[in-house]
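1. Build me a model from this:
(one chain, ligands or ions: 1)
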Amino acid sequence: MRTKIVAGNWKMNKTQQETETLAAELAAKLPDTGAEVIVAPTFVNLTTAVRSLENSVIQVAAQNMHFADSGAYTGEISADMLLDIDVDVVILGHSERRSHFGETDDMLAKKVNTALDKNMRIIFCFGEELEDRKSDNHFAVVESQLKNALFSLKAEAFKNIVLAYEPVWAIGTGETASPEQAQEMHAFIRKTMAAKYDAAVANNISILYGGSVKPANAKEIFSKPDVDGGLIGGAALNADDFIAIVRAI
Ligand SMILES: O=C(CO)COP(=O)(O)O
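-> Here you go, the predicted model:
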């Protein structure tokens, strides 16, 4: 049985104090659903979140990292720096990193390799733009994103990878992929994994949906057989909304 996961990507939000408050509130209100729960605050607040959640099962992830171990990369953060503060989960390939900061599939392949070398767990994001969907190219785009960044990996690497399908047109727009659209793409992703690797890899990998998941729509999206949870943006910034989404799993 694959793991159900609800992850909150806090993006560039929350001060240190707000991080502490939200983390404490989540820890206090977290229901026991059997699902894994992960939050990803901004770099400067990771230590605060780790400390605030040390007695909780909620895990802390980074939103990005560099592929190099160290060196002349002004403004960047390495895997070793994250591990040093007890963060061993990292989100890679978010569409905002791809579109605003020029992250390419090649860069992401390097980041993925580094994270796996360091025994980190990866939440790997990908998804098509509105244009791709309108031109009926969404399956091809998703397949190429997976192929370019992940398909040189060996099958066992996927034990440490969670996939997060986030159609760009549904992020922060209030427009969600319908549960049927999400299911259709998740089934395609699983089929693609089975074709490249095998049924075990495909059946064991958790595939999260991200894009305007809210308390009101979470249950229906999560009810789809190939949707194993969600990567939540805006609604993860409010404890009651995020907890309601965790409950929906
Ligand atoms: O980008 C997302 C999570 O990584 C989704 O963001 P929203 O839930 O705000 O649409």
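2. Tell me how far Thr176 lies from the ligand.
-> Noted for Thr176: a distance of 8 Å to the ligand, by CB to the nearest ligand atom, to the nearest Å. Using the backbone N, CA and C atoms, a C-beta is placed for each residue, glycine as well.
3. So that residue sits against Ala216, correct?
-> No - Thr176 is not in contact with Ala216 according to CB atoms under 8 Å; the separation is 9.7 Å.
4. what ranges do the strands span in the chain?
-> 5-9, 36-40, 59-62, 89-92, 121-126, 161-165, 207-210, 229-232 (DSSP state E).
5. Next, the distance between the ends of stretch 210-229.
-> 9 Å (CA to CA, to the nearest Å).
6. buried stuff in it?
-> For stretch 210-229, burial by neighbour count (16 or more other CB atoms under 10 Å) applies to 210-215, 217-218, 221-222, 224, 226-229.
7. Tell me the bridge partners for the most centrally placed residue in the chain.
-> The geometric centre of the chain, computed from its C-alpha atoms, lies nearest to Ile123 (CA atoms, centre = their mean), at 4.1 Å. Counting by DSSP bridges, Ile123 forms beta bridges with Ile91, Val162.
8. Tell me the spacing between it and the ligand.
-> 9 Å.
9. where does that residue land on pLDDT?
-> Turning to Ile123, the model gives it a pLDDT of 98.
10. Could you do the one 3 residues further on as well?
-> Predicted confidence (pLDDT) for Phe126: 98.
11. That one - nearest residue in space that isn't next to it in sequence?
-> Excluding the flanking residues, the one nearest Phe126 by CB to CB, 6 or more residues apart in numbering is Gln145, at 4.0 Å.
12. ok, now which ones touch that neighbour?
-> 93, 105, 126-127 (CB atoms under 8 Å, 6 or more residues apart in numbering).
13. Narrow the residues you listed to those that are buried.
-> 93, 105, 126-127.
14. For Ala24, which non-adjacent residue is closest in space?
-> Ala24 sits nearest to Ser52 (CB to CB, 6+ apart), 5.6 Å away.
15. Near the closest residue to Val37 other than its chain neighbours, how many residues? Count them for me, please.
-> Once flanking residues are discounted, Val37 sits nearest to Ile58: 4.9 Å by CB to CB, 6+ apart. Counted by other CB atoms under 10 Å, the residues lying close to Ile58 total 19.
16. How about the contacts made by Ile58?
-> 23, 26-27, 30, 37-39.
17. what do you get for Ser78?
-> With contact set as CB under 8 Å, 6+ apart, Ser78 has these partners: 65-66, 68-70.
18. where are the low-confidence patches of the protein?
-> Counting by pLDDT under 70, the chain contains no low-confidence range.
19. OK, now which residue of it is nearest to the ligand?
-> Residue of the chain nearest the ligand, by CB to the nearest ligand atom: Gly233 (2.2 Å).
20. count of residues packed around the closest residue to that residue other than its chain neighbours?
-> Nearest residue to Gly233, sequence neighbours excluded (CB to CB, 6+ apart): Asn9, at 5.4 Å. Neighbourhood size, Asn9 [other CB under 10 Å]: 26.
21. can you tell me how far Asn9 sits from Asn148?
-> Distance, Asn9 to Asn148, using CB to CB, to the nearest Å: 22 Å.
22. How about the residues of this structure by the ligand?
-> Residues of the chain found near the ligand (CB under 6 Å from any ligand atom) are 9, 94, 166, 171-172, 210-213, 231-235.
23. Can you name the two of these that sit furthest apart?
-> Farthest apart among the residues of the chain next to the ligand by CB to CB are His94 and Ala235. That separation is 16.3 Å.
24. Who has more neighbours out of the two?
-> Legend: neighbour count by other CB under 10 Å for His94 and Ala235, higher for His94 (27 against 20).
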